[in-house]
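Novice: what's the 3D shape of this:
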Amino acid sequence: MLAKSYGSSVFGVDANVITIEVNVSQGTKFHMVGLPDNAIKESEHRIDAAIKYSGYKMPRQKVVVNLAPADVKKEGSAYDLPIALGILSGSEQIFTEELGEYMIMGELALDGTLRPIKGVLPIAIEARKQGFKGFILPQENAAEAAIVNNLDVIGVSNLNEAIGVLEGTSDIKPVEMDTRDIFFTNINDYEADFADVQGQENIKRALEIAAAGGHNVIMVGPPGAGKTMLAKRFPSILPPLSLTEALETTKIHSVAGRLGANASLIATRPYRAPHHTISDVALVGGGGIPQPGEISLANNGVLFLDELPEFKRTVLEVMRQPLEERRVTISRAKVSVDFPANFMLLASMNPCPCGYYNHPEKECVCPPGSVKRYLNKVSGPLLDRIDLHVEVTPVSFDQMTADRKAESSETIRTRVIAAKEVQKERFEGLEDIHSNALMPSQIVKEVCVINSAGKALLKNAMEKLGLSARAYDRIMKVSRTIADLAGSEDIKIEHLAEAIQYRSLDREEWAG
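Specialist: Residues are numbered from 1 along each chain as shown. Reported below is the predicted structural model:
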C-alpha cells in the first residue's frame, strides 16, 4: 500500500516541501531513494527500533521510501518521524486520513521519543504558505514554530503521541504564542548597560555616533582599557528591532541550530564575537549544503572582532564584499544560496604587539618598525570600510571610583533613535539606503554640503595630519551623523572637527 507524508528541507533561510512516499509491497528489503545523505539512510535502524518500542511492527516486506523531488539532496535526521508514520500507514497499522494534512518533522530515538531539530521557523512559514492544516514536531521546537500564526503547531514527545494526533485519539492541543507580546516584552532585554561603565566618555560618544549612522568602528588601545566591555554594551544603544527584522534574525539562527530548546522569537539585536582562530568558512558560511556563518548570525546586529590583527588575512578579506553588499552568496556546483549579512562591524586591536604604544604611563618595548608591521596585518581595503577609528586610553583610578552615575543605554538610545528617524525621512524612496554609512559618493555630495569655512578646515586637516584620500568620504558621512544627533540641518564646523578626530589610523605619523 502507498502512503504519503510531508516534510521539508531548508536551503539558505527558506524551506521547500519534501513529499515522502512510502510503498509497502510483496518482497523483501528496505530501499531509500531520493538523494538521502548518510544520516537519512541510517534512519532505517532508528525507525525499526522506535516502531517496535512503541508497540508496532516493522513490516517484513519490501519497503520503498522515496523523498521527492528526487533530484534534490536531502540531509539530516529530521525525516525520521514522517518516514516512520508513512511506514505504519502503508503497512495498515494505523488508519488516518490526516497524514497528508500536516507538515511532520522530528528525529527519533531508539525508544520512540523525539529529539529537537533545527530550521523549524522557515519550515513553519512554508507550511502555512502551502496551506497545511498544521505542523507536528518535537515538543522542544514547538514554541519556535508557534511564532507563525494561522497554523496548528502540535508539539509531541514521542511516536505514539504523533500517532494519537493523526488518529484523533490524543488530547494534545496546538501551542499558541502571542508573537507581538513576546516581541514587545523582550525588546529591551539586554544584560549589559552603559550605566555600568565609569569614564570613557569619548568612546561612548564615538559608539553613539556609530549607532546613529550605522558606521563601522575600530577601537585601538592597550590591554585592559575596556574595549571588550564597551563592545558588549554596544547593541543596547542600537534602535530596537522591528518585528520583520526579529523574524528574519530568528530564521537565520533557527537554520543554524543556534536557538536552543524551547526558544521562540529573538527580540534583541544579536551580538557575535568569534575567536580570532575562526576559519573563513565559519565566518561567512559554507558547507556541502551551505549553512550561515558568523556574519549572517550577526545580521541586524553586531559582529565584534577582538584583536583584529590576530585574525588570518584570508578571513578578514572575505568580509569585504559582504560589508558592501549586506549579503553573502555561497555558490556550489548545483546550488547557490544567499544569506543576509546586514551587520555592523565593531573591531578592537592593540596599537602594537606589546600593547603599549602611545600609552600615557607604560613604555612600548616593541622594536622599530614593528608597530607599522602590526597595523599592516589589517588591509587598507578593510580599513576603508571602517568609518570611525577610536583611540581608547585606560581609565584613571579617580574615574573608576567616582560616585557620579554614568549615562544609561536607554538615554543614549533615545538620541540614536531620533537621529535614525531623520535619516529614514532623508533616504525615503531610496532602495537599500537607510543610514548615513550606506550613502554612495553621489548622494554624499548632495547630502553632506559644507560651507567655505568647513572646506578650509577639512583641507587643512588633510594636509597637516596627512589624512589619506579615502578618509574624505568617511569624514563627510560621520559629520552628517553628528549633525543629525545635534538636530542640525547643516553640517557645522564643530561637527566636521569632531569627525576628523575619528580617523586616527589614516594619519601618516600614527605608527611612527
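Novice: for stretch 367-382, list every residue counted as buried.
Specialist: 370-371, 374-375, 378, 382 (16 or more other Cβ atoms under 10 Å). Bear in mind the C-beta positions are built from the backbone N, C-alpha and C, glycine included.
Novice: over to stretch 353-369?
Specialist: Buried residues in stretch 353-369, counted by 16+ other Cβ under 10 Å: 353-359, 364, 366.
Novice: can you check stretch 382-393 too?
Specialist: Neighbour counts over stretch 382-393 (16+ other Cβ under 10 Å) mark 382-384, 386-393 as buried.
Novice: picking that back up, reformat the buried residues of stretch 367-382 as TSV; add pLDDT and secondary structure.
Specialist: Putting the buried residues of stretch 367-382 into TSV (pLDDT from 0 to 100; DSSP: H, G, I helix; E, B strand; the rest coil) gives the following:
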residue	pLDDT	secondary structure
S370	85	helix
V371	83	helix
Y374	87	helix
L375	84	helix
V378	86	coil
L382	85	helix
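Novice: looking at those, which is nearest V302?
Specialist: Closest approach between these and V302, by Cβ to Cβ: L382, at 16.9 Å.
Novice: how far away is the closest one from V318?
Specialist: With distances taken as Cβ to Cβ, to the nearest Å, L382 is found 10 Å from V318.
Novice: what comes up buried for stretch 280-293?
Specialist: Of the residues in stretch 280-293, those buried (16+ other Cβ under 10 Å) are 280, 282-286, 289-293.
Novice: what is the neighbour count of V416?
Specialist: Around V416 there are 23 other residues, counting by other Cβ atoms under 10 Å.
Novice: for it, give me phi and psi.
Specialist: Backbone torsions of V416, given as degrees, to the nearest 10, read phi -60, psi -40.
Novice: repeat for V390
Specialist: Dihedral angles of V390 (phi, psi; degrees, to the nearest 10) stand at phi -120, psi 130.
Novice: now do the same contact list for it.
Specialist: V390 sits next to 202-203, 206, 217-220, 502, 504 when contact means Cβ atoms under 8 Å, 6 or more residues apart in numbering.
Novice: any chance of the buried residues of stretch 280-293 in CSV, plus distance to K424, pLDDT and secondary structure?
Specialist: Output for the buried residues of stretch 280-293, formatted as CSV (distance: Cβ to Cβ, whole Å; pLDDT from 0 to 100; DSSP: H, G, I helix; E, B strand; the rest coil):
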residue, distance to K424, pLDDT, secondary structure
D280, 35, 90, helix
A282, 34, 93, helix
L283, 30, 93, helix
V284, 29, 91, helix
G285, 30, 90, strand
G286, 35, 84, strand
I289, 37, 75, coil
P290, 33, 84, coil
Q291, 33, 88, strand
P292, 28, 93, strand
G293, 29, 94, coil
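Novice: please pull out the lowest mean pLDDT helix or strand from the chain.
Specialist: helix 397-400 (a mean of 68; mean pLDDT, DSSP states H and E).
Novice: output the below-cut-off pLDDT ranges for the stretch 251-400 of the chain.
Specialist: Within the stretch 251-400 of the chain, the segments meeting pLDDT under 70 span 397, 399-400.
Novice: how about the buried residues of stretch 382-393, which pair is most distant?
Specialist: Among the buried residues of stretch 382-393, D384 and T393 lie farthest apart (Cβ to Cβ), at 25.3 Å.
Novice: report how many residues lie close to D48.
Specialist: 16.
Novice: next one: the one 3 residues further on
Specialist: Look at I51: counted by other Cβ under 10 Å, it has 22 neighbours.
Novice: ditto for E92
Specialist: The local packing of E92 (other Cβ under 10 Å) involves 11 other residues.
Novice: now the residue lying closest to it once chain neighbours are set aside: how far from S89?
Specialist: Spatial nearest neighbour of E92, excluding adjacent residues (Cβ to Cβ, 6 or more residues apart in numbering): M1 at 6.1 Å. Distance check for M1 against S89: by Cβ to Cβ, it reads 8 Å.
Novice: hang on, the earlier thing: write the PyMOL selection for whichever of the contacts of V390 are buried.
Specialist: A single PyMOL command is used to select the members of the contacts of V390 judged buried by 16+ other Cβ under 10 Å:
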select buried, resi 203+206+217+218+219+220+502+504
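Novice: report the two of the contacts of V390 separated the most.
Specialist: Most distant of these, by Cβ to Cβ, are N202 and I218, 14.7 Å apart.
Novice: okay, helices next: where are they in the stretch 201-350 of the chain?
Specialist: Using DSSP state H, counting those that start in this stretch, the helices of the stretch 201-350 of the chain run over residues 201-213, 227-233, 243-255, 280-284, 294-297, 313-317, 320-325.
Novice: ok, back up a step: between M1 and S89, tell me which one has more neighbours.
Specialist: Legend: neighbour count by other Cβ under 10 Å for M1 and S89, higher for S89 (23 against 11).
Novice: now do the more buried one against E21, distance only.
Specialist: According to Cβ to Cβ, S89 and E21 sit 11 Å apart.
Novice: anything in contact with each of the two?
Specialist: Taking Cβ under 8 Å, 6+ apart as the criterion, S89 and E21 both touch A3.
Novice: circling back to that earlier point, what would the buried residues of stretch 367-382 look like in CSV with distance to T250?
Specialist: Listed next are the buried residues of stretch 367-382 as CSV, based on distance: Cβ to Cβ, whole Å:
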residue, distance to T250
S370, 45
V371, 43
Y374, 39
L375, 38
V378, 33
L382, 30
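Novice: going by distance to A231, which of the residues you listed wins?
Specialist: Using Cβ to Cβ, the buried residues of stretch 367-382 come closest to A231 at V378, 16.8 Å.
Novice: and that closest one, how far is that from L207?
Specialist: 20 Å.
Novice: helix or strand right after the helix or strand that contains V17?
Specialist: For V17, the host element (DSSP states H and E) is strand 14-25. Counting by DSSP H and E, the next helix or strand C-terminal to strand 14-25 is strand 30-33.
Novice: what helices or strands is that following strand leaning on?
Specialist: Packing contacts for strand 30-33, counted by 3 or more Cβ pairs under 8 Å, 6 or more residues apart in numbering; DSSP states H and E, involve helix 43-53, strand 62-68.
Novice: what's the first helix or strand after that strand?
Specialist: Assigned by DSSP H and E, the successor of strand 30-33 is helix 38-41.
Novice: what is the strand holding V17 packed up against?
Specialist: With contacts defined as 3+ Cβ pairs under 8 Å, 6+ apart, the packing partners of strand 14-25 are strand 2-11, strand 62-68, helix 80-90, helix 120-129.
Novice: so what touches the following helix or strand past the last one?
Specialist: Past helix 120-129, further along toward the C-terminus, the next helix or strand under DSSP H and E is strand 134-138. The list of residues contacting strand 134-138 from outside it, by Cβ under 8 Å, 6+ apart, reads 81, 101-107, 114-117, 120, 123-124, 127, 145, 151-157, 162, 165-166, 174.
Novice: for C366, helix, strand, or coil?
Specialist: Put simply, C366 is coil when judged by DSSP: H, G, I helix; E, B strand; the rest coil.
Novice: switch the buried residues of stretch 280-293 over to CSV; also include distance to K455.
Specialist: Shown next, in CSV, are those (distance: Cβ to Cβ, whole Å):
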residue, distance to K455
D280, 42
A282, 46
L283, 40
V284, 40
G285, 44
G286, 47
I289, 54
P290, 48
Q291, 49
P292, 45
G293, 43
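Novice: looking at those, which one is closest to I51?
Specialist: I51 has its nearest neighbour among the buried residues of stretch 280-293 in I289, at 28.2 Å by Cβ to Cβ.
Novice: and the closest residue to that closest one other than its chain neighbours, what does it touch?
Specialist: Sequence neighbours aside, E75 is the residue nearest to I289 in space, at 5.6 Å (criterion: Cβ to Cβ, 6+ apart). By Cβ under 8 Å, 6+ apart, the contact set of E75 is 9, 36-37, 39-40, 288-289.
Novice: equivalent analysis for E363, please.
Specialist: Per Cβ under 8 Å, 6+ apart, neighbours of E363: Y356.
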